[in-house]
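Peer 1: Curious how this folds, go ahead:
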Amino acid sequence: MKTSKHSRKNGLFFAIFVLCFCNATTSAQDNSYAHMLNVTMTASQSLFVAQTAVNKQRESMRVAAGQQPHGSPSGAVSPPMIQYPITATDFQPLSQPIMPDQFANSATGIDQATRNTMRTFFQQVLTSFEAKARRDNFAHAFTFICAAALQVRNGKEPSNAEVNQMIASFNNRLAGSPTYYTFNPRQQQMLYESLIITGGIIVFLDYQGKQTNNPQLQAQARDMSAAVLKAFLGM
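Peer 2: This is a model prediction of the structure:
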């Protein structure tokens, strides 16, 4: 989601996912995809728990300094969030993708051919994302999974303005979180890939559910989307 390109290619970006994944397998989705969401949420929650603690600490400092707390009726204006350059949430990957193999190998109740198809599918998710977005960047990865969830919830893609706003918000929140800097390079790569793959799965399940008139797939996409939006956007 490079800002310079994304304003022109938002719709194309999601369309590419649909075209790439329309023939992918949905075998074992109940267990495997739910497991992937759990891995993704667990790995990322510490960042947002830490940021919530930082926000509370800042609020306490404001009150101690004699300023009105946020939401007070006085109309006091809070200082703006620190704006970080997008490079603040870049990272340097250590190796070739890690999570396509890990996610495929963790799937249960499937044969080897299906496992190989899943592995290829997960790799396609990463490849498609990085062809259109800022690669190796957490703000863009978090924005993608949330944009995918919003698309399922609302029945339409987020606008370019909404996407760019999310990118800036995630970039500033992450760069301002002390926990963000405690992740080692391998953890960073694994979380980044997990976010993108899970976002791709949400788009895929929703698309497949609609194309095949499968309420179960559509319900699973909605459930995954709801969990993502609650965790990352407070919805």
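
Peer 1: what bits of this protein have low per-residue confidence?
Peer 2: Applying pLDDT under 70 to the predicted model, the residue ranges of the chain that meet it are 1-39, 41-81.

Peer 1: Just give the nearest non-adjacent residue to residue 222, would you?
Peer 2: Nearest in space to residue 222, with sequence neighbours left out and distances taken as Cβ to Cβ, 6 or more residues apart in numbering, is residue 152 at 6.0 Å. No exception for glycine: its C-beta is placed from N, CA and C like everyone else's.

Peer 1: How much space separates the one you found from residue 164?
Peer 2: Between residue 152 and residue 164 the computed distance is 20 Å (Cβ to Cβ, to the nearest Å).

Peer 1: just residue 127 next, same as before
Peer 2: 23 Å.

Peer 1: now residue 105
Peer 2: Applying Cβ to Cβ to residue 105 and residue 164 gives a distance of 36 Å.

Peer 1: neighbour-wise, which of the two wins?
Peer 2: In this view residue 105 and residue 164 are compared by other Cβ atoms under 10 Å, and residue 164 has more residues nearby, 17 against 10.

Peer 1: after the host helix or strand of the more buried one comes which helix or strand?
Peer 2: Using DSSP states H and E, the secondary-structure element containing residue 164 is helix 160-175. Scanning forward in sequence from helix 160-175, with DSSP H and E defining helices and strands, the next element found is helix 185-211.

Peer 1: The nearest residue to residue 214 once chain neighbours are set aside: how many residues sit nearby?
Peer 2: If you skip the residues right next to it in sequence, residue 214 has residue 208 as its closest partner in space, 6.8 Å away by Cβ to Cβ, 6+ apart. Around residue 208 there are 21 other residues, counting by other Cβ under 10 Å.
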